[in-house]
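**Q** model this:
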Amino acid sequence: MFEFLKKWSPFGPNWAEESEPQGFTSAQLIVMRPLDQKKFRFTRNFLIEHVQNSDRSSPQFREDFFKASRAIKKMKHPAILRMVEFGDKKNVLYRVWKRRGIYPACLSSVETPESLAMFIDGLQHLNRLGFSYEHFAADCYSFDTAGPFVLKIPYTFSGSYAYNEDHMVFRSPHSLYYAHPDGDEVSWQQSWLFYMGSIFCTMLKQGFPFDGIPKLLARDGKPVRKIPMAIEGQVGEVLDRFLAVNSEAPYSDIDEGLDDLKKALRLSPEIRYKPGVLNTWEEVSHSILLGDELKTHHIEYSPGFSSN
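**A** Prediction:
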């Protein structure tokens, strides 16, 4: 797939040394789903992305791709993967990114409140640029020593990102764990905040914030109950609103919720936990990763807030 790059150097004469693909580690394979493995290649310093999309040959898609790519390349944000090149080689569209460490968000925890606040700022930066929040989910996020960052960005501002031919944006099997129990009965904004609230709880070592998978509990007519919030102070209070269920009042505006959480994190020199309440973070995270309960229920999940 990447043969077209081997004799061509967007980076100068040293490209030959960079062109040999490297294998995926086990951690990278968690983030890089099977279709990702077909379109991404690692080199020593770069991540090369071969654009796979059923519309990639259409003039409109190509125009939209280059427009979005020009905007992304100008970005310099510590919580967003840095693009170093994009283009078209023999009718093959590609993007090249500066390589960073890759580790799944569902098995990672932030070292400082500021690193999570910076990640939230990165998501807001992408939204202001023109990418809707609904196009970012668990499979888009990664971790390295600097903290969480956005690894995968849609090809266009409209959200085109080929995970399969019908353009579903994210189909991570463990994403069901983060899905809102009421599904289509709530707005996609509320669904997205609920989804992200569960991920933020994992990143902050709260652990999985419910006593079961909310979507499955609701499907089976069982009550959806939260595990008591272990995180003290305003950070815990804001996350509790992200995870509003039943008669609780949720955030109706994404940026209001993200701004409140970012502010709370930056006012906290460290994350404090209530004694005796903290969930078993590693056990729950590994359960999410392996998707054991999803296999038991034979469920294939596609989030309600994804779009074309």
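**Q** which stretches of the stretch 151-300 of the chain aren't confidently modelled?
**A** In the predicted model of the stretch 151-300 of the chain, residues 160-175, 276-300 satisfy pLDDT under 70.
**Q** Walking through it, point out its helices one by one.
**A** 188-203, 214-219, 233-242, 254-266, 281-290, 292-297 (DSSP state H, counting those that start in this stretch).
**Q** so what does the first one touch, helix or strand wise?
**A** For helix 188-203, the elements it packs on are helix 233-242, helix 254-266, helix 281-290, judged by 3 or more C-beta pairs under 8 Å, 6 or more residues apart in numbering; DSSP states H and E. To be clear about C-beta, it is placed using only N, CA and C from the backbone, and glycine gets the same treatment.
**Q** just the angle between that helix and helix 254-266, please?
**A** For helix 188-203 against helix 254-266, the angle by axes from the mean of the first three to the mean of the last three C-alpha atoms, to 10 degrees is 20 degrees.
**Q** orientation of helix 188-203 relative to helix 233-242 in degrees?
**A** Using the same axes, to 10 degrees: helix 188-203 against helix 233-242 is 140 degrees.
**Q** quick check, Ser109 in a strand?
**A** No: under DSSP: H, G, I helix; E, B strand; the rest coil, Ser109 sits outside any strand and is assigned coil.
**Q** residues touching it, list them.
**A** 202-205, 281 (C-beta atoms under 8 Å, 6 or more residues apart in numbering).
**Q** that older thread, out of the helices of the stretch 151-300 of the chain, which is closest to Thr112?
**A** Closest of the helices of the stretch 151-300 of the chain to Thr112 is helix 254-266, at 8.9 Å (criterion: C-beta to C-beta).
**Q** Show residues contacting that closest one.
**A** 113-114, 116-117, 120-121, 123-124, 127, 133, 189, 192-193, 200, 233-235, 237-239, 241-242, 251.
**Q** and if you look at stretch 115-135?
**A** By C-beta under 8 Å, 6+ apart, stretch 115-135 touches 68, 71-72, 75, 77-80, 110, 136, 141, 146-150, 153-154, 157, 159, 161, 169, 188-189, 192, 200, 203-204, 254-255, 258, 261-262, 265-266, 305-307.
**Q** Buried residues, that stretch. List them.
**A** 115-124, 126-127, 129, 131-135 (16 or more other C-beta atoms under 10 Å).
**Q** PyMOL command for the buried members of the contacts of stretch 115-135?
**A** Only the buried entries of these go into this PyMOL selection, using 16+ other C-beta under 10 Å:
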select buried, resi 68+72+77+79+80+110+136+141+147+148+149+150+153+154+157+159+161+169+188+189+192+200+203+204+254+258+261+262+265+305+306
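**Q** Buried deepest among the helices of the stretch 151-300 of the chain, which one?
**A** Highest mean neighbour count of these: helix 188-203, a mean of 24 (counted as mean count of other C-beta atoms under 10 Å).
**Q** send the alpha carbons of that helix over as PDB?
**A** Output of helix 188-203 as PDB, limited to C-alpha atoms (Å, rounded to 0.1, in the frame of the first residue of the first chain):
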ATOM      1  CA  TRP A 188     -26.100  13.800  20.500                       C
ATOM      2  CA  GLN A 189     -24.500  16.600  22.600                       C
ATOM      3  CA  GLN A 190     -25.700  15.000  25.800                       C
ATOM      4  CA  SER A 191     -24.700  11.500  24.500                       C
ATOM      5  CA  TRP A 192     -21.200  12.800  23.700                       C
ATOM      6  CA  LEU A 193     -20.700  14.400  27.100                       C
ATOM      7  CA  PHE A 194     -21.900  11.200  28.800                       C
ATOM      8  CA  TYR A 195     -19.500   9.200  26.700                       C
ATOM      9  CA  MET A 196     -16.600  11.600  27.400                       C
ATOM     10  CA  GLY A 197     -17.400  11.700  31.100                       C
ATOM     11  CA  SER A 198     -16.900   8.000  31.400                       C
ATOM     12  CA  ILE A 199     -13.600   8.200  29.600                       C
ATOM     13  CA  PHE A 200     -12.500  11.100  31.800                       C
ATOM     14  CA  CYS A 201     -13.300   9.100  34.900                       C
ATOM     15  CA  THR A 202     -11.100   6.300  33.600                       C
ATOM     16  CA  MET A 203      -8.300   8.800  32.900                       C
END
